[in-house]
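Peer 1: Got a predicted structure here, sequence first:
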Amino acid sequence: MPGNGEKTVPINREEDMTNGFTRRELIRTGAAAAAVTLATPNLTRAQAMKVRLGHAANEIHPGHIAALEFKTSLETLVPGAFDLQIFPNRQLGDDRQNVESCVAGTLEFCGGSGSTISIVTGQVSLDAYQLPFLIKDYDHFAKLALSAEGDAINESLMDGGILGLQTTDIGQRHFASVSKPVRSTADFAGLKTRIVPLELHKIIWETVGVSPVGLPYGEVYGALETGTIDACEINVSSMLGENLWEVAKHFTLTGHYPWHNVTCVNGAFFEGLSPELQEAIRTAGRDSVQPTLDYTARQDLDGREELKAKGVEILELEGLEDMKAQVSPIVEQWSAKSPLIADFVTAAQNSA
């Protein structure tokens with residue numbers, strides 16, 4: 001993963017050519033052959049197909065709840081069709097590795113952060129969810145995730161080899177620091193702050209005034225503990241799930257953008273299924289959005305109290321409106337990058 005200051009180079013899957021075929025075409029050929037037995041619903045129900053869903057989160061994290069809700073819905077819609085096994089806690093790799101495996105077709109389903117999926121697939125459309133202060137709360141997120149504009153973004157991931165099934169917020173992002181509490185916008189200045197090395201995040205946080213450091217998610221605890229970084233922008237679920245509260249004792253409520261998690265299916269595998277099973281998978285994704293968001297919202301509020309009990313100082317940011325004004329031009333700037341983002345922004349502004 002790129003480090004601090006490095007630009008992420010989008011991956012163009014259609015240009016990854018091997019012997020005259022695109023990588024996606026080669027993946028489709030293999031996965032479609034494996035899925036041919038699912039051509040008829042009766043055969044599918046008689047012999048459940050073993051499939052896997054890998055993600056990096058632990059069992060209390062909304063990312064895991066998203067996977068469980070998807071599985072429950074899928075089993076209700078097409079009982080006996082799939083034997084879906086969920087592998088949490090980085091059992092099959094970190095966030096990026098799970099997404100890459102799903103793109104390659106060695107993993108049928110994955111859950112991953114929208115930011116990681118953007119990096120792996122080169123699809124910029126998912127950035128729409130993390131435009132600063134665009135999405136107001138969890139209810140607003142639900143409207144957008146289930147909107148035509150949200151569906152279009154999920155569909156666009158097929159250009160990167162996967163199909164988005166369910167986009168949920170696994171926690172509004174706030175700001176955690178180790179030694180220096182951030183009480184005002186001036187306190188951001190110069191703090192070495194972990195970010196995902198995504199161009200959007202880099203621009204946002206340079207505008208705010210921190211010194212961004214690109215690090216993988218699994219390295220955040222150690223970097224905070226050793227002083228490699230001073231702070232991170234993070235959500236409550238990750239503060240609790242990764243035990244970051246042990247080293248970062250100041251937590252400033254900013255709610256600058258959601259942390260979107262996407263449940264995906266390998267595109268070639270999906271296209272090899274019968275229409276009935278394709279529809280069930282799509283429906284299971286949509287049906288699992290709201291219950292996951294309900295869990296996330298409860299954890300966000302209850303988790304703040306849990307963090308307080310663990311000795312973390314919860315702070316309100318003085319000058320939050322100034323921070324919003326600083327980063328607001330980025331929304332228009334990013335809207336010009338993709339019609340899908342522009343449409344999403346319009347839908348968000350009209351439904352706020």
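Peer 2: Looks like it arrived, so ask away.
Peer 1: From now on I want contacts and neighbour counts done on CA atoms only, so please keep to that.
Peer 2: Fine.
Peer 1: Just want the most central residue of the protein.
Peer 2: The residue lying closest to the centre of the chain (Cα atoms, centre = their mean) is Ser113, at 2.1 Å.
Peer 1: ok, it - contacts?
Peer 2: By Cα atoms under 8 Å, 6 or more residues apart in numbering, the contact list for Ser113 reads 95, 259-262.
Peer 1: For Tyr217, see how far away it is.
Peer 2: From Ser113 over to Tyr217 the distance is 11 Å, taken as Cα to Cα, to the nearest Å.
Peer 1: before we move on, back to that, buried among the contacts of Ser113? Need that as a selection in ChimeraX.
Peer 2: Listed next is the ChimeraX selection for buried residues among the contacts of Ser113, using 16 or more other Cα atoms under 10 Å:
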select :95,259,260,261,262
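Peer 1: Just to be sure, which of the contacts of Ser113 are found in helices?
Peer 2: Residues from those lying in helices, with DSSP state H as the criterion: Asp95.
Peer 1: Just the closest of the contacts of Ser113 to Met49, please.
Peer 2: In terms of Cα to Cα, no member of the contacts of Ser113 lies closer to Met49 than Val262, at 22.4 Å.
Peer 1: Now do the same for that closest one: its pLDDT.
Peer 2: pLDDT for Val262: 98.
Peer 1: wait, it sits on Ile170?
Peer 2: No - under the criterion of Cα atoms under 8 Å, Val262 lies out of contact with Ile170, with a separation of 9.8 Å.
Peer 1: quick revisit: between the contacts of Ser113, which sits nearest Ala348?
Peer 2: When those are compared for distance to Ala348 (Cα to Cα), His260 wins out at 15.1 Å.
Peer 1: if I look at the residue nearest to the centre of the chain, how far off is Arg96?
Peer 2: Relative to Arg96, Ser113 is positioned 9 Å away (Cα to Cα).
Peer 1: ok, now Thr296?
Peer 2: Taking Cα to Cα as the criterion, Thr296 is separated from Arg96 by 22 Å.
Peer 1: for Val289, same thing?
Peer 2: Shown here: Val289 relative to Arg96, a distance of 22 Å by Cα to Cα.
Peer 1: same deal with Glu242?
Peer 2: Going from Glu242 to Arg96 by Cα to Cα gives 17 Å.
Peer 1: burial measure for the closest residue to Trp334 other than its chain neighbours, as a count.
Peer 2: Here the nearest residue to Trp334 in space, its sequence neighbours aside, is Ile341; by Cα to Cα, 6 or more residues apart in numbering that works out to 7.3 Å. When neighbours are defined as other Cα atoms under 10 Å, Ile341 has 26 of them.
Peer 1: now swap in His174 and tell me
Peer 2: When neighbours are counted by other Cα under 10 Å, His174 registers 18.
Peer 1: what's the distance between it and Ser125?
Peer 2: Counting by Cα to Cα, the separation of His174 from Ser125 is 23 Å.
Peer 1: ok, now Ala309?
Peer 2: With distances defined as Cα to Cα, the gap from Ala309 to Ser125 amounts to 39 Å.
Peer 1: neighbour-wise, which of these two wins?
Peer 2: The residue with more neighbours, out of Ala309 and Ser125 and counting by other Cα under 10 Å, is Ser125; that gives 24 against 10.
Peer 1: Now do stretch 329-342: distance to the chain's middle.
Peer 2: The chain centre lies 19 Å from the centre of stretch 329-342; the measure is Cα atoms, centre = their mean, to the nearest Å.
Peer 1: State the mean pLDDT of it.
Peer 2: Per-residue pLDDT values over stretch 329-342 give a mean of 97.
Peer 1: Mark out where each domain of this structure begins and ends.
Peer 2: In the assignment given by automatic domain parsing, the structural domains of the chain cover 13-172+259-299, 174-257+307-351.
Peer 1: show me where the protein has strands.
Peer 2: With DSSP state E as the definition, the chain shows strands at residue ranges 17-18, 21-22, 49-54, 82-87, 109-113, 162-169, 174-177, 192-195, 211-214, 231-234, 250-253, 260-266, 313-316.
Peer 1: Where is the longest helix in the chain?
Peer 2: For the chain, the longest helix by residue count, based on DSSP H, is helix 289-309.
Peer 1: for that helix, the distance to its chain's centre please.
Peer 2: When distances are taken as Cα atoms, centre = their mean, helix 289-309 is centred 17 Å away from the chain's centroid.
Peer 1: Please point out which parts of it sit buried.
Peer 2: Applying a neighbour-count criterion of 16+ other Cα under 10 Å, the buried positions in helix 289-309 are 289-290, 292-293, 295-297, 299-300, 303-304, 307.
Peer 1: possible to save those residues as CSV with pLDDT?
Peer 2: Putting the buried residues of helix 289-309 into CSV (pLDDT from 0 to 100) gives the following:
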residue, pLDDT
Val289, 98
Gln290, 97
Thr292, 97
Leu293, 97
Tyr295, 96
Thr296, 96
Ala297, 96
Gln299, 93
Asp300, 93
Gly303, 95
Arg304, 96
Leu307, 97
